[in-house]
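[1] Below are the sequence and a predicted model; questions follow.
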Amino acid sequence: MIKIPDRKIILEDGKEYFGYAFGAKEEKILEIVFNTSMVGYQEILSYPSYTDQAVVMTYPLIGNYGMAKDDYETRTPTIGALIVREYNGEPSNFRSEETLSEVMKKYGISGVCGVDTRKLNRSIRDHGSRKALLTSFDTPLEEGLKKLREYTPPKDAVSRVSCKTAYEECAINYKYHVAAIDCGVKRNIVRSLTKRDCRVTVLPWNTTAKEIIKLSPDGIFISNGPGDPADVPETIETIRNLTGKYPIFGICLGHQIISLAYGAKTYKLKFGHRGANHPVKDLESGKIEITSQNHSYAVDKDSVSGTKLEITHVNLLDGTVEGVKCKEDRVFSVQYHPESAPGPQDSAHLFDRFVKMMEETAENAEKN
């Protein structure tokens, strides 16, 4: 018996891709992007930086190991949709507690399977990320294109995924207090800090510098998050007012925010960097790390030269900026994810570097 497709994806150029529904069946307009990871679909599904995006997986088989409660990167997933070649609704894994589709239904995340993902991903690679309509199979093409033309993407993604009130995660017998600005922070980032004897106060994205100073932290962390860094001028201003006062470490969106705070510029990449296999060179050590990445924007290399920042890391695939620092102000950041979920453990030492900076700052304060 031939199964008839019940869902389709309409792109801005009029191309249509047909498939079958799993998860929620809501009609949505989203930015369509791809991810090259072979594993880690649960972390991708629960990664706040994918807010308002439909993620096409390049690896064909998704759902085969189910979903485990300990593997979520946020309590409430906010990804828009997941598009896969083959969905497995009967996972084989002793840790699995729910299927991927069950979780997606719970959180209103649309899914389309049976799609020619190779063709779709080539389209994204060749023509760039763009708006896509996930809709019913029988939606007329002209109606779908009209909806796409009239749709304006929201610019409030960070405010939607950030915590609404401050909360704490604390190591037993902690040594250092970190004020973490939540632009869509992953749980594994907080775990990486508490594992290093830190008390972490997680703060809403628009917390002011004055409010942070009142907390008397030993260091400041700025998290990853969705969207254009220019959409969070409040956070940029906060960092601008804190530089030179505390050790500061930023990841992904946090890296872009730090760069903007110092006067550099950012721009949107054609199709972004999303996957667990991006080679990055550390210009100081000469070492190459295979990194996990997820971002649409990058720091403009030429704009860094007129600031107090210096470039510390570059992407070996396209030469984009992957890290900056200001030694004088004890500030550094990377575009990739050293907490590595999904991804390898190569760059976890950056958390050690941040802790070392807080330790040295405390020692200097005691001497003076």
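    Okay, I see it. Predicted model only: the values in this text are computed from it and were never measured.
[2] Buried residues in stretch 79-97, which are they?
    The neighbour-count check on stretch 79-97 (16 or more other C-beta atoms under 10 Å) flags 79-85, 87-88, 91, 96 as buried. Glycine gets a C-beta too; all of them are placed from N, C-alpha and C.
[3] partner residues bridging the closest residue to Lys119 other than its chain neighbours?
    Of all residues not flanking Lys119 in the chain, Tyr17 sits nearest, at 7.5 Å (C-beta to C-beta, 6 or more residues apart in numbering). Beta bridges link Tyr17 to Ile9, judged by DSSP bridges.
[4] what separates Gly63 from Glu90, distance-wise?
    Here the criterion is C-beta to C-beta, to the nearest Å. By it, Gly63 lies 9 Å from Glu90.
[5] Residues that sit against both of these two, list them.
    By C-beta atoms under 8 Å, 6 or more residues apart in numbering, Gly63 and Glu90 have these common neighbours: Thr99.
[6] For burial, what's the neighbour tally of Gly14?
    11 (other C-beta atoms under 10 Å).
[7] That one contacts Leu141, correct?
    Yes. The pair formed by Gly14 and Leu141 meets the contact definition of C-beta atoms under 8 Å, at 6.7 Å.
[8] How far away from the center of its chain is the helix or strand containing Val280?
    Taking DSSP states H and E as the criterion, Val280 maps to strand 266-282. The chain centroid and the centroid of strand 266-282 are separated by 11 Å under C-alpha atoms, centre = their mean, to the nearest Å.
[9] Tell me the buried residues in that strand?
    By neighbour count on 16+ other C-beta under 10 Å, the buried set for strand 266-282 is 266, 271-276, 278, 280-282.
[10] State the pair within these that is farthest apart.
    In these, the most distant members under the criterion C-beta to C-beta are Phe271 and Asp282, with 24.8 Å between them.
[11] can I see the domain layout of the protein?
    7-150, 157-367 (automatic domain parsing).
[12] JSON lines for the ones you listed, including mean pLDDT?
    Written out in JSON lines, the entries for the domains of the chain read as follows (pLDDT from 0 to 100):
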{"stretch": "domain 7-150", "mean pLDDT": "97"}
{"stretch": "domain 157-367", "mean pLDDT": "94"}
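[13] follow-up on the earlier one: surely the residue nearest to Lys119 and Arg118 touch.
    No. Counting by C-beta under 8 Å, Tyr17 stays clear of Arg118, with 11.1 Å between them.
[14] before we move on, back to that, quick check, nearest of the buried residues of stretch 79-97 to Glu360?
    Checking the buried residues of stretch 79-97 against Glu360 by C-beta to C-beta gives Ile79 as the nearest, at 39.0 Å.
[15] Next one: the closest one from Ser159, what distance?
    In this structure, Ile79 lies at 17 Å from Ser159, with C-beta to C-beta as the measure.
[16] next one: Asp197
    When C-beta to C-beta is the yardstick, Asp197 and Ser159 sit 31 Å from each other.
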